[in-house]
Structure formats: C-alpha cells, structure tokens
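1. would you be able to build a 3D model of this:
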Amino acid sequence: MPNMVISLLPFLLVALTGVSGQFKCPQGTGYFPDLEQCDLYYECSKGNYEEKLCPDGLVFDDSDPNHERCDIPANVECGDRTALQEAKPSKGCPRANGYYRHEDPEICDKFFNCVDGTPVELPCPPGLIYDDTSSTCAWPEASKRKCDHSKRDVLDDGFSCPEGDVAGPDGRKLPHPTFAHPDDCQKFYICRNGVQPQKGSCSGKTVYNEEIFKCDEPANVPGCENYFNGKS
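-> Next up is the predicted model:
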C-alpha cells in the first residue's frame, strides 16, 4: 500500500469577533481566504464580512467559496499565504490540531493525532513509517524522512522478524513469511509485511512444515512425526 491515506473527520470551525479594515469582499457571497494568512478567512454576504480563524494547526481550504472548510496543511495549497496564527502547543502536539511525528525520534512507525491539544498515539501499518510531508504513513523508500529501521518489534518469547526477503516454494517473495517455532511443532510465527511479528498455531492434528510454509500432516515433517502421540 504505497499511498496510504488516512481518513479525516471534519473539524469544527472557529469564528473570530472583530473585522479587519483591509479586506474587501468579492462580488457575491461565500468564504474567501486572507491574502497573507492561510488559517484566516472571511465569510462574505451582501458586501459585509465576518473574519474567521481555523482551529490552531488547520488551514483554510479556498478551493470552493461555497464551502467552509479547514483541513490539515498537507491537503491545502496555501501558496503565498504563509503566515499562521500563533501556535498553541502541548506535550506531543506542536499545534493543537493535526497529525505529527512521534515525540521520540527513534519511533518512526507511530504518530500523534492531535485534537484540541490532546494527542492520541496511532500506529502505522506494518512496514510503513510516518511521513511529515504528506501527514500519512508511507513506505520508507517513498518518504524523505530518514529513520533507523534496525529496531524491530520483539515478541515476549524473544522472536523478531529476520531481515531480508523470504522466497516461497515457487521462488516468489512471500509478503507475509512464516517461520517454525523452535520448540513446538504446532506453533509458528507470521511476519506481517516482513517486519511485524505475530504468533500462529496450526489447527487440528497438523504441524507446521517450514519446507512448504504451511501446516501439514505430522508424517510429512521430520522430527514432528510423533508430536500428537499421547495427546488427547
């Protein structure tokens, strides 16, 4: 999934009292951007206007004057409207709203969704990292962000996914390779997208066969022929 897009819930818009003396409404009614500040805009009606401000961290989407919408900067082309309101930071949130990289620089596969200054930690899908430019999770090779990919998740029994591709019986790369458990014939490990470890277990009277990467009859797996002997 090279272009993962995270769904956005609509954000509430915040109105400001007071009117700037420099802005002039275009003809008609609608919502129009400030010429300098990307999170500032105006609601115009019959030549009169009300000055409004997006929630901190969001900017005004001026693509359609008939719709009032604030969105994350990654989804809006601000152009020369480079100015922004003063930030209202909190722990984990450089601004009150939006998506931001994890505060721990070594954690690349998690990020914060900030809403009104409250951060919620979210994970990227296995194998992806959070990309600041697009405010989404992306494959490392498609992101300009430099991360240390040597850190891999470790299960409670010490297993972590080995590096490198794994070829299946037909010679093709396995997207979710599996590995035999060192001590239990019926158990195995799954590496989601090659990096996210997960425990697995064969059903019924079958054991894991590492030659074919799936569960099989015990008689076909050397060393596991008598695994179920004496077991009810």
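2. could you list the domains of this structure?
-> 14-75, 87-151, 152-232 (automatic domain parsing).
3. and those as CSV, adding distance to Arg81 and mean neighbour count?
-> No exception for glycine: its C-beta is placed from N, CA and C like everyone else's. What follows is the domains of the chain, written out as CSV (distance: least, CB to CB, whole Å; neighbours: other CB atoms under 10 Å):
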stretch, distance to Arg81, mean neighbour count
domain 14-75, 4, 16
domain 87-151, 16, 16
domain 152-232, 39, 14
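4. so who does the closest residue to Asn209 other than its chain neighbours touch?
-> Nearest residue to Asn209, sequence neighbours excluded (CB to CB, 6 or more residues apart in numbering): Asp216, at 3.8 Å. Taking CB atoms under 8 Å, 6 or more residues apart in numbering, we find Asp216 in contact with Thr206, Val207, Tyr208, Asn209.
5. partner residues bridging the second one?
-> Val207 has the following beta-bridge partners by DSSP bridges: Asp216.
6. contacting residues for Pro197?
-> Counting by CB under 8 Å, 6+ apart, Pro197 has contacts Arg152, Asp153, Val154, Leu155, Phe159, Ser160, Cys161, Tyr189, Ile190, Cys191.
7. 6 Å - rerun?
-> Going by CB atoms under 6 Å, 6 or more residues apart in numbering, Pro197 touches Asp153, Leu155, Phe159, Ser160, Cys161, Tyr189, Cys191.
8. give me the three-state assignment for it.
-> strand (DSSP: H, G, I helix; E, B strand; the rest coil).
9. so it versus Glu106, what's the distance?
-> Here Pro197 is placed at a distance of 19 Å from Glu106 (CB to CB, to the nearest Å).
10. now do Asp71
-> From Asp71 to Glu106 the distance is 30 Å (CB to CB).
11. including pLDDT and distance to Leu35, could the contacts of Asp216 go into a markdown table?
-> Below are those laid out as a markdown table (pLDDT from 0 to 100; distance: CB to CB, whole Å):
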| residue | pLDDT | distance to Leu35 |
| --- | --- | --- |
| Thr206 | 96 | 69 |
| Val207 | 97 | 70 |
| Tyr208 | 97 | 65 |
| Asn209 | 96 | 68 |
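12. and of those residues, the nearest to Cys137?
-> Tyr208 (31.0 Å; CB to CB).
13. what about the helices in the chain?
-> In the chain, no helices are found when defined by DSSP state H.
14. low-confidence stretches in it?
-> 1-21, 148-152, 232 (pLDDT under 70).
15. try 50
-> Applying pLDDT under 50 to the chain flags residues 1-20, 150.
16. and the contacts of Pro197, which of them are in strands?
-> If you go by DSSP state E, the contacts of Pro197 have Tyr189, Cys191 in strands.
17. pick out the most distant pair among the contacts of Pro197.
-> Maximum distance among those (CB to CB): 11.6 Å, for Asp153 and Tyr189.
18. ok, and the closest non-adjacent residue to Pro169?
-> Per CB to CB, 6+ apart, closest to Pro169 is Ile212, 5.8 Å.
19. sorry, back to before: which one of the contacts of Pro197 is nearest Lys52?
-> Of these, the one sitting nearest to Lys52 (CB to CB) turns out to be Asp153, at 44.5 Å.
20. how far away is the residue nearest to the closest one when sequence neighbours are not counted from Gly158?
-> In this structure, Asp153 finds its nearest non-sequential neighbour in Pro197, 5.8 Å apart by CB to CB, 6+ apart. Pro197 is 10 Å from Gly158, where distance means CB to CB.
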